[in-house]
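# what's the 3D shape of this:
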Amino acid sequence: MKKTFYLGFIGLLLFEIANVYFIMPMPGSQRMNSIDLAYFLYSWRWLFRTVFAFLLLVGLFKTKWKRRWTILIPLILLAIVIYMANFRMAADAMFKQPETIVLSTAKTNMVDSNRLVIGVVNNGAAKAYPIRFLGYHHFVYDSIGGKDILVTYCTVCRTGRVFDPMVNGKREKFRLVGMDHFNAMLEDATTKSWWRQSTGEAIAGKLKGTKLNEIFSTQTTLAKWLQLYPTSLIMQADIKSAEKYDTTYKYEDGKSKSKLTGTDSLSWKDKSWVIGVKADNNYKAFDWNELKQKKIIQAKIGSNNAIVILAMDGKSFFAFENPFNATADFKNDTLQLAEKKYKLNGQGIDTSYNLKPLRAYQEFWHSWQTFQPNTLK
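Okay, the predicted model is just below:
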């Protein structure tokens, strides 16, 4: 019966470790195509736990131990592993979402204007969500212009995305479950499917292959956002999470030395910054260093002529279709195209015509090429 005890002990110990290993950033775990195995283990976790716990208990009480105190060592070790795996290292235990979001006008705002934000506009309403807060929470719920939104951010991929949380006609509730290929994963409460943050696609579970509808968003500094949308509301710090927020600018400015969230200042390295742009179903990555130098890049993305610009603050970027197939000029945060001038958000200054914005994201190169494998550069 001793063998039964140790079989249950080792089985339960390895299971609890494996259940966390495949969905958290541990050595080697995020470079494997192991999502199906991870989901299988997670889905059947109570069956595995029951079987191994049963073996452990049978072996424990049916064995005549010469020194009963010796069994305390494996039991204490097992208890520590179970506690760490489920209450300390679990993603939703490490990162909490605010119960409610506090929003302020520019007049009462307490967020530094140099901070980066994910901005959203809908039905004439504008809101800004500081990356400093999103980086810890990973996602927050809100509504804008009468529409529910799910605002997400993954610091390990440097990906900001906004989605419609409606799934099969229902406003879905999500929780942070872990990560896959260094990208945050969310689990829906209804089907327990796992959703990839960078694409909004369910990659495991009953809804595998389903995609959340993405809502257009823009990453800028708060100062630049308020220049464009002065009546915008701004998300404020959650009091309960205040001590968890990054107090420096290292991550946002690319000066972090962290292995997971640090930036490589060279071009086209795993942790280099790119601006990924989507035009129809075509994708193209632009080197951040080149954009910093040129301030404006014109390129073809599929059949679309595209323009990517970097504002004078060196942080805020925008991308548009170029319907005129003409050479653009960009000075003092004003875009000139076909003898007409446009603001940073594409709104016409001396024309009623507005440029069509393209989805553009600042992202680590390893993330963009992993989740948009057909991208051009």
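# Please name the bridge partners of the most centrally placed residue in the chain.
Centroid check for the chain by Cα atoms, centre = their mean gives C154 as the closest residue, at 2.6 Å. For C154, the beta-bridge partners are T159 (DSSP bridges).
# who's in contact with it?
With contact taken as Cβ atoms under 8 Å, 6 or more residues apart in numbering, C154 is in contact with 138, 179, 183-184, 197-198. For the C-beta atoms, the positions are set from N, CA and C on the backbone; glycine is no exception.
# H366 now?
Each residue near H366 by Cβ under 8 Å, 6+ apart is listed here: 157, 182, 270-271.
# Quick check: phi and psi on it?
The phi/psi pair for H366 (degrees, to the nearest 10) reads phi -60, psi -30.
# Same check on T221?
With angles defined as degrees, to the nearest 10, T221 sits at phi -80, psi 160.
# Let me know the distance separating it from D112.
Using Cβ to Cβ, to the nearest Å, T221 is found at 9 Å from D112.
# before we move on, what about V51?
53 Å.
# More neighbours: those two, which one.
Neighbours were counted for V51 and for D112 using other Cβ atoms under 10 Å; V51 has more, 15 against 12.
# Now do the SS call for the more buried one.
Secondary structure state of V51, per DSSP: H, G, I helix; E, B strand; the rest coil, is helix.
# excluding its backbone neighbours, what's nearest it?
Once flanking residues are discounted, V51 sits nearest to G11: 7.6 Å by Cβ to Cβ, 6 or more residues apart in numbering.
# wait, doesn't the one you found sit right on G59?
No. The criterion here is Cβ atoms under 8 Å, and G11 misses it with G59 at 11.2 Å.
# Show the pLDDT at I73.
Confidence at I73, expressed as pLDDT, is 88.
# host element of it?
Using DSSP states H and E, I73 sits in helix 72-83.
# and if you look at Q227?
Taking DSSP H and E as the definition, one finds Q227 inside helix 222-228.
# ok now the helix or strand following that helix, how far from the chain's centre?
Next helix or strand after helix 222-228 toward the C-terminus (DSSP H and E): strand 233-235. The chain centre lies 19 Å from the centre of strand 233-235; the measure is Cα atoms, centre = their mean, to the nearest Å.
# Flag every buried residue along strand 233-235.
Neighbour counts over strand 233-235 (16 or more other Cβ atoms under 10 Å) mark 233-235 as buried.
# Please convert these to JSON lines, extending it with pLDDT and distance to G124.
Converted to JSON lines, those look like this (pLDDT from 0 to 100; distance: Cβ to Cβ, whole Å):
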{"residue": "L233", "pLDDT": "98", "distance to G124": "13"}
{"residue": "I234", "pLDDT": "98", "distance to G124": "17"}
{"residue": "M235", "pLDDT": "98", "distance to G124": "19"}
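# Low-confidence bits of this protein, can you list those?
Judged against pLDDT under 70, the chain has no low-scoring part.
# Which secondary structure state is assigned to the residue of the chain positioned farthest from its centre?
Ranked by distance from the centre of the chain (Cα atoms, centre = their mean), the top residue is K66, with 53.6 Å. Using three-state DSSP, the structure places K66 in coil.
# Quickly note the distance from it to K2.
In terms of Cβ to Cβ, K66 sits 10 Å off from K2.
# In terms of secondary structure, what does the host helix or strand of K292 contact?
Secondary structure from DSSP H and E places K292 in helix 288-294. Packed against helix 288-294, as judged by 3 or more Cβ pairs under 8 Å, 6 or more residues apart in numbering; DSSP states H and E, are the following elements: strand 273-279, strand 304-310.
# nearest to K377, of these?
strand 273-279 (7.6 Å; Cβ to Cβ).
# tilt between that closest one and strand 304-310?
Counting by axes from the mean of the first three to the mean of the last three Cα atoms, to 10 degrees, strand 273-279 lies at 150 degrees to strand 304-310.
# and strand 273-279, which strands flank it?
Strand 273-279 pairs in its sheet with strand 282-287 (antiparallel), strand 359-364 (antiparallel), by DSSP bridges.
# Which parts of the last one count as buried, going by neighbours?
Taking 16+ other Cβ under 10 Å as the neighbour-count basis, strand 359-364 is seen to contain the buried residues 360-364.
# Name the residues that touch stretch 59-66?
Contacts for stretch 59-66 (Cβ under 8 Å, 6+ apart): 1-8, 71.
# my bad, should have said stretch 74-86
6, 9, 12-13, 16-17, 19-20, 93.
# Generate JSON lines for the residues you listed, with secondary structure and distance to F317 as supplementary columns.
Putting the contacts of stretch 74-86 into JSON lines (DSSP: H, G, I helix; E, B strand; the rest coil; distance: Cβ to Cβ, whole Å) gives the following:
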{"residue": "Y6", "secondary structure": "helix", "distance to F317": "58"}
{"residue": "F9", "secondary structure": "helix", "distance to F317": "54"}
{"residue": "L12", "secondary structure": "helix", "distance to F317": "50"}
{"residue": "L13", "secondary structure": "helix", "distance to F317": "48"}
{"residue": "E16", "secondary structure": "helix", "distance to F317": "43"}
{"residue": "I17", "secondary structure": "helix", "distance to F317": "42"}
{"residue": "N19", "secondary structure": "helix", "distance to F317": "40"}
{"residue": "V20", "secondary structure": "helix", "distance to F317": "36"}
{"residue": "A93", "secondary structure": "helix", "distance to F317": "35"}
